[in-house]
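Undergrad: starting from these lines, generate the structure:
(4 chains)
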2 protein chains.
Amino acid sequence: MTDARPNPSQEKSGSDPSGDETEIHGSRSSAVDDLVNHIRALISEGGLKVGDSLPTEKELCERFHAGRNTVREAMRILKTYGVVKVRPKVGAVIIDERMARALDLFAFNTLEVSRDTFVDIQGFRSLLEVASFELLFDRIKPRDIADLHRINKELLTAELAIDASEVDFRFHTRLIEVIGNKAILDVYKIMKPVILKIMIKAKTLHTFSTVTYSEHAEILDTLEARDRTAYQYKMKTHLDAGFKHFEDRK
Amino acid sequence: MTDARPNPSQEKSGSDPSGDETEIHGSRSSAVDDLVNHIRALISEGGLKVGDSLPTEKELCERFHAGRNTVREAMRILKTYGVVKVRPKVGAVIIDERMARALDLFAFNTLEVSRDTFVDIQGFRSLLEVASFELLFDRIKPRDIADLHRINKELLTAELAIDASEVDFRFHTRLIEVIGNKAILDVYKIMKPVILKIMIKAKTLHTFSTVTYSEHAEILDTLEARDRTAYQYKMKTHLDAGFKHFEDRK
DNA sequence: CCATTCCTATTTGTTGGACAATTGATGAAT
DNA sequence: ATTCATCAATTGTCCAACAAATAGGAATGG
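TA: As a prediction, this is how the structure comes out:
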């Protein structure tokens, strides 16, 4: 509104100066980022669920005093996040494919995962799988251990290293599952592509069916025996072993 | 190529009909998606590494016969993926922030958090701040402790509960920073909105400047004294205390 | 009355152009 | 030589136009 535009050019919307949006990243507020926050607020405050539609581009332009390209860039972000799906004429409908999109990120082969990322991820794993031993021993049930044994056996029948790495990851995921914390599990799943790369880089098919298999078995033994100290040692060694190939190469 | 443009208006690039791009998602090829693939190819075939620069928008327009807005939407996707960082005048530089971006995806549903999520997040915090004590004691420096003291003192001068909660969060974030793991720090930052809600719900301004302040101070004492057992106890108690209001209300 | 086909209006997709904002680089003044 | 102002290049935002896709209604035929 207030269409009185002194300069017929384009009055920088300026968006409300009261724009104290949460500023998720460090980056200073841009019109597009503001718009993303506004639309997010629109979704959450409007109680919109998966399947519901968003206003059209034009309506968003008017409501937030933004140009259509700005709206489109904001929608492009939401599309990339897997939060909305846009089709011509029908508009933008809310979806939830964030997890799939998160995994896509690393299938994005353009970039080799940087060494720093490897180090950080492996450190994170160490924290989640070694330092969480208290929670683990509190909650683990015989059924969990049986599952883990079953998964571990699949390592012996895998025919490709990539399949074996999937099994390896499933083993560790199943272990994380025992903790019973969805946030932790989600974060672990997000790291999957990087973890798989670490595994593939460090192991051959033969390694999976021998070293990895027996290390897993030993870890399960420590769990069955309720030996916390041994568990921490075995798990830490197991993770570090898979990682040393990256430490070497300066 | 084939610059013979019959209609001077805007000949839809049409992109080469031989466009067997990889089609990352199911969606049919659009000009923007094609462009993303082209830029990806540019990066991988050009052997571009983190820190290298991409061509300017105008050059990309000319090279791929696309409009600038199309180029911008493609770059917006790459930015959202955390593959490039764009600054005015300097252009697009290749980065690798994919992990942070992948974790960002989950900041989207933190607006409407269920009780289960609260519990999970708090459990996650406990793991990150209590169970990580080994890493913490390995790496903490006097300078870190001094910073933490300084931040903690700000609790005494905060004039609103919301300000105090920001300081409180900053205290804990600074602690996580000591671990020196970017992935962990990113996860912690993502949980910020939820953690702030927990804090606000559990404490008043007065509580911040008394109980919280002194608990923080005691935690710092255990760090200075290198007393791991005491640290774990104090920190666990501190976190649990702030959270028990949520446990009660069924 | 119902089904099919066609048309139209609406909405998204793409392009080009204009101006503002930012910032690195250059040159002038002290 | 240093500092400051200016310049120029680049990104950020907006606008207007047209193309493409399509939902929904109108027209047509049975």
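Undergrad: show the pLDDT at A:Arg228.
TA: Looking at A:Arg228, its pLDDT stands at 95.
Undergrad: now do the same contact list for A:Ile179.
TA: When contacts are counted by CB atoms under 8 Å, 6 or more residues apart in numbering or on different chains, A:Ile179 touches A:132, A:135-136, A:139, A:185, B:123. Heads up, the C-betas are built off the backbone N, CA and C, glycines and all.
Undergrad: state the distance from it to A:Leu156.
TA: As judged by CB to CB, to the nearest Å, A:Ile179 and A:Leu156 stand 27 Å apart.
Undergrad: what's the weakest-modelled helix or strand in chain A?
TA: helix A:98-107 (a mean of 80; mean pLDDT, DSSP states H and E).
Undergrad: sort out which residues of it are buried, please.
TA: A:98, A:101-102, A:104-106 (16 or more other CB atoms under 10 Å in any protein chain shown).
Undergrad: same deal with stretch A:154-171?
TA: A:154-155, A:158, A:161, A:164-171.
Undergrad: show me where chain A has strands.
TA: Counting by DSSP state E, one finds strands in chain A at the ranges A:84-87, A:91-94.
Undergrad: CSV for the ones you listed, including distance to chain B and mean neighbour count?
TA: What follows is those, written out as CSV (distance: least, CB to the nearest CB, whole Å; neighbours: other CB atoms under 10 Å in any protein chain shown):
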stretch, distance to chain B, mean neighbour count
strand A:84-87, 9, 16
strand A:91-94, 11, 17
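Undergrad: would you turn the ones you listed into a markdown table with mean pLDDT?
TA: Listed next are the strands of chain A as a markdown table, based on pLDDT from 0 to 100:
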| stretch | mean pLDDT |
| --- | --- |
| strand A:84-87 | 93 |
| strand A:91-94 | 93 |
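Undergrad: export those as TSV, with columns for distance to B:Glu59.
TA: As requested, the strands of chain A are exported to TSV (distance: least, CB to CB, whole Å):
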stretch	distance to B:Glu59
strand A:84-87	28
strand A:91-94	31
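Undergrad: wait, what's in contact with the spatially most central residue of chain A?
TA: By CA atoms, centre = their mean, chain A has its centre lying nearest to A:Ile190, at 2.7 Å. With contact taken as CB under 8 Å, 6+ apart, A:Ile190 is in contact with A:99, A:102-103, B:99, B:102-103, B:105.
Undergrad: state the pLDDT value of it.
TA: A:Ile190 carries a pLDDT value of 88.
Undergrad: just A:Lys12 next, same as before
TA: pLDDT, read off for A:Lys12, is 37.
Undergrad: just the contacts of A:Ile179: which are in helices?
TA: A:135-136, A:139, A:185, B:123 (DSSP state H).
Undergrad: re the thing from before, between which two of the contacts of A:Ile190 is the distance greatest?
TA: Using CB to CB, those reach their maximum pairwise distance at A:Met99 and B:Met99, which is 14.7 Å.
Undergrad: dump stretch A:123-143 to PDB, restricted to CA.
TA: Output of stretch A:123-143 as PDB, limited to C-alpha atoms (Å, rounded to 0.1, in the frame of the first residue of the first chain):
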ATOM      1  CA  GLY A 123      34.900 -36.100  15.900                       C
ATOM      2  CA  PHE A 124      31.200 -35.700  16.100                       C
ATOM      3  CA  ARG A 125      30.800 -39.500  15.600                       C
ATOM      4  CA  SER A 126      33.200 -40.100  18.400                       C
ATOM      5  CA  LEU A 127      31.100 -37.900  20.700                       C
ATOM      6  CA  LEU A 128      27.900 -39.500  19.700                       C
ATOM      7  CA  GLU A 129      29.000 -43.100  19.800                       C
ATOM      8  CA  VAL A 130      31.800 -43.200  22.400                       C
ATOM      9  CA  ALA A 131      30.900 -40.400  24.900                       C
ATOM     10  CA  SER A 132      27.300 -41.400  25.000                       C
ATOM     11  CA  PHE A 133      28.100 -44.700  26.600                       C
ATOM     12  CA  GLU A 134      26.100 -43.900  29.700                       C
ATOM     13  CA  LEU A 135      22.900 -43.400  27.900                       C
ATOM     14  CA  LEU A 136      23.700 -46.400  25.700                       C
ATOM     15  CA  PHE A 137      24.200 -48.800  28.600                       C
ATOM     16  CA  ASP A 138      21.100 -47.500  30.300                       C
ATOM     17  CA  ARG A 139      18.800 -48.200  27.500                       C
ATOM     18  CA  ILE A 140      20.100 -51.000  25.400                       C
ATOM     19  CA  LYS A 141      17.900 -54.100  25.400                       C
ATOM     20  CA  PRO A 142      18.700 -57.700  24.300                       C
ATOM     21  CA  ARG A 143      16.600 -57.100  21.300                       C
END
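Undergrad: quick one, domains of chain A?
TA: Domain assignment for chain A by automatic domain parsing gives A:1-96, A:102-248.
Undergrad: tell me which residues of stretch A:188-202 come out buried.
TA: Under 16+ other CB under 10 Å, the buried positions of stretch A:188-202 are A:188-199, A:202.
Undergrad: hang on, the earlier thing: looking at the strands of chain A, spot the one closest to A:Arg63.
TA: Across those, closest to A:Arg63 is strand A:91-94 (CB to CB), at 13.9 Å.
Undergrad: of the buried residues of helix A:98-107, list those near chain B.
TA: A:98, A:101-102, A:104-106 (CB under 8 Å from any CB of the partner chain).
Undergrad: just the buried members of the contacts of A:Ile179?
TA: The buried subset of the contacts of A:Ile179 (16+ other CB under 10 Å) comprises A:132, A:135-136, A:185, B:123.
Undergrad: need the per-residue pLDDT for A:Pro88.
TA: At A:Pro88, the model reports a pLDDT of 89.
Undergrad: tally of neighbours for it?
TA: Neighbour count for A:Pro88, taken as other CB atoms under 10 Å in any protein chain shown: 5.
Undergrad: and A:His38, by the same measure?
TA: When neighbours are counted by other CB under 10 Å, A:His38 registers 19.
Undergrad: and the gap between it and DNA strand D?
TA: 12 Å (CB to the nearest atom of the strand, to the nearest Å).
Undergrad: quick check: pLDDT value at that residue.
TA: Predicted confidence (pLDDT) for A:His38: 93.
Undergrad: thought it was touching A:Cys61?
TA: No - counting by CB atoms under 8 Å, A:His38 sits too far from A:Cys61 to count as a contact (11.8 Å).
Undergrad: still on that earlier bit, and DNA strand C, which of the buried ones among the contacts of A:Ile179 contact it?
TA: When CB under 7 Å from any atom of the strand is taken as the criterion, no member of the buried ones among the contacts of A:Ile179 contacts DNA strand C.
Undergrad: closest one of the residues you listed to B:Thr70?
TA: Here the nearest of the buried ones among the contacts of A:Ile179 to B:Thr70, counting by CB to CB, is A:Leu185; it sits at 38.6 Å.
Undergrad: now, which of the buried residues of stretch A:154-171 lie within helices?
TA: When those are checked against helices (DSSP H), the matches are A:154-155, A:161, A:164-171.
Undergrad: the residues you listed also near DNA strand C: which ones?
TA: The subset of those within reach of DNA strand C, by CB under 7 Å from any atom of the strand, is empty.
Undergrad: dump the residues you listed to TSV, plus distance to DNA strand D and pLDDT.
TA: Shown next, in TSV, are these (distance: CB to the nearest atom of the strand, whole Å; pLDDT from 0 to 100):
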residue	distance to DNA strand D	pLDDT
A:Glu154	42	96
A:Leu155	45	94
A:Ala161	41	92
A:Ala164	42	94
A:Ser165	38	94
A:Glu166	35	95
A:Val167	40	96
A:Asp168	41	96
A:Phe169	37	96
A:Arg170	38	97
A:Phe171	43	97
